[in-house]
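What follows is a predicted structure for the sequence shown.
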Amino acid sequence: GGANCEAELGQNLLERFECIDAVCSGEGDVSFPTFVDAFCRSKPLPEVSGITTRNSLPSKAPGAMITALDDLPVPDFSDFYKRFELTPGLSDLLQPAPTIETSRGCWWGAKNHCTFCGLNGNAMAYRSKSPKRAFAEFQSQAQKYGSDFVVVDNILDYTYFDSLLPMLRDDPTPFLMHFEVKSNLFPKHTK
């Protein structure tokens, strides 16, 4: 799912790969759980807005764009970590890190879309979690899975320089992460 499965991209995936039964076009926070719930109850692939199946080609419209990111649930990676720990030898090769998302879209691209970018599809509008919610998520995920994170945002919310980043800096947890930024940072942003 996601921007790489929107519209004709998702349709082409379905047409070219028989092992794929459905694609989630755009953001799937609402459409994907609805699809899974309906599938578990009825078994044939259900018709759900934002989900394209072979029976519903051509592609449907993308799922609803989420605007209130604070309302999203905190991801639960516990099943992944249990399976990881039960897989012999895997922990000798890899050290997993949970993903965390504090924003969606791109504030720069919404003003001046870069010619090379195809990351956001129809969901270019920039939205971010409140600093309080983002910080609470970093803390809770660090307690469960460790403090090394993969941040999946397209671009750092500039308001975080004065809000979230100082909270992370001042917390005793040794957070490790990186954010994507635009190259127009000033020396004041590195303090």
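Alright, I've got the coordinates.

for this structure, which helix is longest?
helix 131-145 (DSSP state H).

Return the residues in contact with Tyr81.
The neighbourhood of Tyr81, defined by CB atoms under 8 Å, 6 or more residues apart in numbering, consists of Pro96, Tyr145. In this view, the C-beta of every residue, glycine as well, is placed from N, C-alpha and C.

name the helices or strands packed onto the longest helix of the chain?
strand 99-100, helix 164-170 (3 or more CB pairs under 8 Å, 6 or more residues apart in numbering; DSSP states H and E).

Can I get those in CSV including mean pLDDT?
Below are the helices and strands packed on helix 131-145 laid out as CSV (pLDDT from 0 to 100):
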stretch, mean pLDDT
strand 99-100, 95
helix 164-170, 96
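
just how off-centre is the helix or strand bottoming out on mean pLDDT in the chain within its chain?
Between all helices and strands in the chain, the lowest mean by mean pLDDT, DSSP states H and E belongs to helix 107-111, at a mean of 73. Here helix 107-111 is found 18 Å from its chain centre; the criterion is CA atoms, centre = their mean, to the nearest Å.

Now do the buried residues in it.
Judged by neighbour count (16 or more other CB atoms under 10 Å), helix 107-111 contains these buried residues: Trp107, Trp108, Gly109.

swap in stretch 71-87?
Buried-residue list, stretch 71-87, by 16+ other CB under 10 Å: Phe77.

and that stretch, what's its mean pLDDT?
In this model, stretch 71-87 carries a mean pLDDT of 95.

Gly50 versus Ser163, what's the distance?
According to CB to CB, to the nearest Å, Ser163 stands 32 Å off from Gly50.

ditto for Glu18
22 Å.

more neighbours, those two?
Just comparing Glu18 and Gly50: by other CB atoms under 10 Å the higher neighbour count belongs to Gly50, 23 against 8.

right, and the more buried one touches Ser56 too?
No: the criterion here is CB atoms under 8 Å, and Gly50 misses it with Ser56 at 10.8 Å.
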